[in-house]
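Colleague: whatever this is, show me its structure:
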Amino acid sequence: MVWKVGVKKHSKTYPTTALADAQRSALLTAVKRGEPFSTETGMPISYAGKAADSNWYDFAIEFIDKKWPHFSANQRKNVAKAMTPATIALLRTPPKQFDPVKVRTALREYAFNHKRRTNTKEAIPDEFRVILDWVQRNTLSMAAWEQSDRIDAVVTALGTRLDGTPSAASSVTRNRRIMNLAMPSQADPGRSPLGPTRSRLGPS
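Modeller: Numbering: from 1, shown residues only. Below you'll find the model as predicted:
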């Protein structure tokens, strides 16, 4: 489906014609009601709801904390590995002032590790705390998941190693399943923003 808001063209692919028709109908209804549309997302402003006020980093932390008791040790490790590149892809600007390895370590080993992050007896090392504070301030809102270019950036990040080489196909599939579980579509309930691949990791 392709449509314009002002001079900016937007497009979205749906798994079935019925879903595409339903979304087209919803957009036309919003137009008839005179709702303002976002030139960034192409969607009615009302679709964003609380998304624009919610930070992706905070959302990811909340997801980790909620699921942590239900994850096995291996699942915890895999979820942290998937969340790390996705979060870097959802920053307003690249964290060029920090060592790339340390950025990933800060996210993987502390931000997305509930036990370490909440350990009152052993604080997060200062060098990693500075990075995480910066990431928290510079992460995009959840409304970014309505922007096709941002979703493309996340998909690319999930399939790329730190050195720029492609990740193994099994790793890419696992990462996408994890992100699809964590991130329901903001604009289209029931539709994953990263595609139809889904998996369950513990109770919802």
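Colleague: please make it C-alpha for all contacts and neighbour counts, starting now.
Modeller: Will do.
Colleague: going along the chain, name the strands of the chain.
Modeller: 2-5, 8-11 (DSSP state E).
Colleague: would you list these in JSON lines and tack on distance to residue 59 and mean pLDDT?
Modeller: Formatted as JSON lines, those follow (distance: least, C-alpha to C-alpha, whole Å; pLDDT from 0 to 100):
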{"stretch": "strand 2-5", "distance to residue 59": "28", "mean pLDDT": "82"}
{"stretch": "strand 8-11", "distance to residue 59": "26", "mean pLDDT": "78"}
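Colleague: among these, which is nearest residue 115?
Modeller: strand 8-11 (41.2 Å; C-alpha to C-alpha).
Colleague: for that closest one, buried residues please.
Modeller: residue 10 (16 or more other C-alpha atoms under 10 Å).
Colleague: now swap in stretch 70-89 and tell me
Modeller: Within stretch 70-89, the residues that count as buried by 16+ other C-alpha under 10 Å are 71, 76, 78-89.
Colleague: what's the farthest-apart pair in those residues?
Modeller: Using C-alpha to C-alpha, the buried residues of stretch 70-89 span at most 24.6 Å, a distance reached by 71 and 89.
Colleague: coming back round to it: could you dump the buried residues of stretch 70-89 into CSV and include pLDDT and distance to residue 144?
Modeller: Formatted as CSV, the buried residues of stretch 70-89 follow (pLDDT from 0 to 100; distance: C-alpha to C-alpha, whole Å):
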residue, pLDDT, distance to residue 144
71, 95, 27
76, 97, 25
78, 96, 23
79, 96, 20
80, 97, 20
81, 96, 21
82, 96, 18
83, 96, 15
84, 97, 16
85, 96, 15
86, 95, 12
87, 97, 11
88, 97, 13
89, 96, 11
